[in-house]
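Novice: can't give you the sequence, but here's the structure:
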């Protein structure tokens, strides 16, 4: 394979230690806000469907649409905005988040809410990848990986706190209140970004050769397929967790918040442990273990959905692999083709959201057929398929 040099920044802009620390915390907060906004419908789906007088699958399409927009938008935005100042882009993304969440909070009908969600997803497609790119441009190589890992903790915190608490607010005060809170947090973050991100940060554009090399590399394509299947399996269940728990456990707002937070804590712990597991076993084996663990967790969920302690065990196994798998897959891609890391990871981000869209759509189709109870089993089967593809991909990898 022809080698192409990656277009990562060759030098970092100096930052004081204090400003660097504040920058990372603000970007972490931004990812928390964006993650909460993306995941929020899953935490309040039943309330949302009832308030809009639509079915659960139709409400679930809000997750499907945002997944497709981010999947397509993230690499396109990265390709065509390389010369735009990163501070301008990040602040603009959060400003869009404010406007779209205000519009969503006052949406008179489902169609208006869907439009607001689609535009909100454009902001998400800008913010998270460009937050990581900004860190890469500003920090020296020896500190980049740790800093990028830190700001992605915001997504873990969105799962632990943002989504469950948003669901609780929706149950207690209505889904419009939950969206309004996200709008307020977005405004605070936009102001913080405007004073912490330095001016003049721009990212080198990826060459066309890099994209072609990824598209013609069988190993990379197989690993990206694993990411799509992983997202599909998880979001077949995740998007409809709220109504699923209500049906199986007769869960009220308090119990729903507890189970979702339990799952989020496991996901955060798995993400923290991922780097150690990768160091010991390598990315390919680590991915296989995580995928099989999640498949077992969802199978246990399907077998004992009406028993709280069984659900908590299942949520633990599932959660441990949720964000860990994303980190592992990124390390796997970087190890397969270090010279194509930027392009491969950009496509991996798209693959994650493509899985979200496919999974949300598949879950909705099953619910339309009266098969809500079969969602965990379906998710487990897809994760098992992801594990099988991962084994095939391992034949192309050298560790």
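Specialist: Sure, I can see it. Everything quoted here is computed from the prediction, not taken from an experiment. Residues are numbered from 1 along each chain as shown.

Novice: now the helices for the stretch 251-399 of the chain?
Specialist: 253-281, 283-303, 308-336, 341-368, 375-394 (DSSP state H, counting those that start in this stretch).

Novice: Could you do the stretch 1-150 of the chain as well?
Specialist: 17-43, 45-52, 56-80, 86-105, 110-138, 141-157.

Novice: Make TSV from those helices and add mean pLDDT, distance to residue 198 and mean neighbour count to it.
Specialist: All C-beta atoms are positioned from the backbone trio N, CA, C, and that covers glycine. TSV is the format used below for the helices of the stretch 1-150 of the chain (pLDDT from 0 to 100; distance: least, Cβ to Cβ, whole Å; neighbours: other Cβ atoms under 10 Å):
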stretch	mean pLDDT	distance to residue 198	mean neighbour count
helix 17-43	87	8	22
helix 45-52	86	39	21
helix 56-80	81	20	21
helix 86-105	91	7	21
helix 110-138	84	7	22
helix 141-157	75	15	18
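
Novice: Domain map for this structure?
Specialist: Split into domains by automatic domain parsing, the chain comes to 13-205, 209-399.

Novice: Quick one: closest of the helices of the stretch 251-399 of the chain to residue 118.
Specialist: Nearest to residue 118, of all those, is helix 341-368, at 12.0 Å by Cβ to Cβ.

Novice: Looking at that closest one now, give me its mean pLDDT.
Specialist: On average, the pLDDT along helix 341-368 is 84.

Novice: Also stretch 386-399?
Specialist: 83.

Novice: Buried residues, that stretch. List them.
Specialist: Within stretch 386-399, the residues that qualify as buried are 386-387, 389-390, 393-394, 397, counting by 16 or more other Cβ atoms under 10 Å.

Novice: With stretch 156-174 instead?
Specialist: Those buried within stretch 156-174 under the rule 16+ other Cβ under 10 Å are 156-171, 174.

Novice: same thing with stretch 351-366?
Specialist: Buried, per 16+ other Cβ under 10 Å, within stretch 351-366: 351-364, 366.

Novice: Just put the buried residues of stretch 386-399 in JSON lines and tack on distance to residue 64.
Specialist: Listed next are the buried residues of stretch 386-399 as JSON lines, based on distance: Cβ to Cβ, whole Å:
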{"residue": "386", "distance to residue 64": "19"}
{"residue": "387", "distance to residue 64": "24"}
{"residue": "389", "distance to residue 64": "23"}
{"residue": "390", "distance to residue 64": "25"}
{"residue": "393", "distance to residue 64": "27"}
{"residue": "394", "distance to residue 64": "31"}
{"residue": "397", "distance to residue 64": "32"}
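
Novice: Nearest to residue 200, out of the helices of the stretch 251-399 of the chain?
Specialist: When the helices of the stretch 251-399 of the chain are compared for distance to residue 200 using Cβ to Cβ, the nearest one is helix 341-368, at 20.4 Å.
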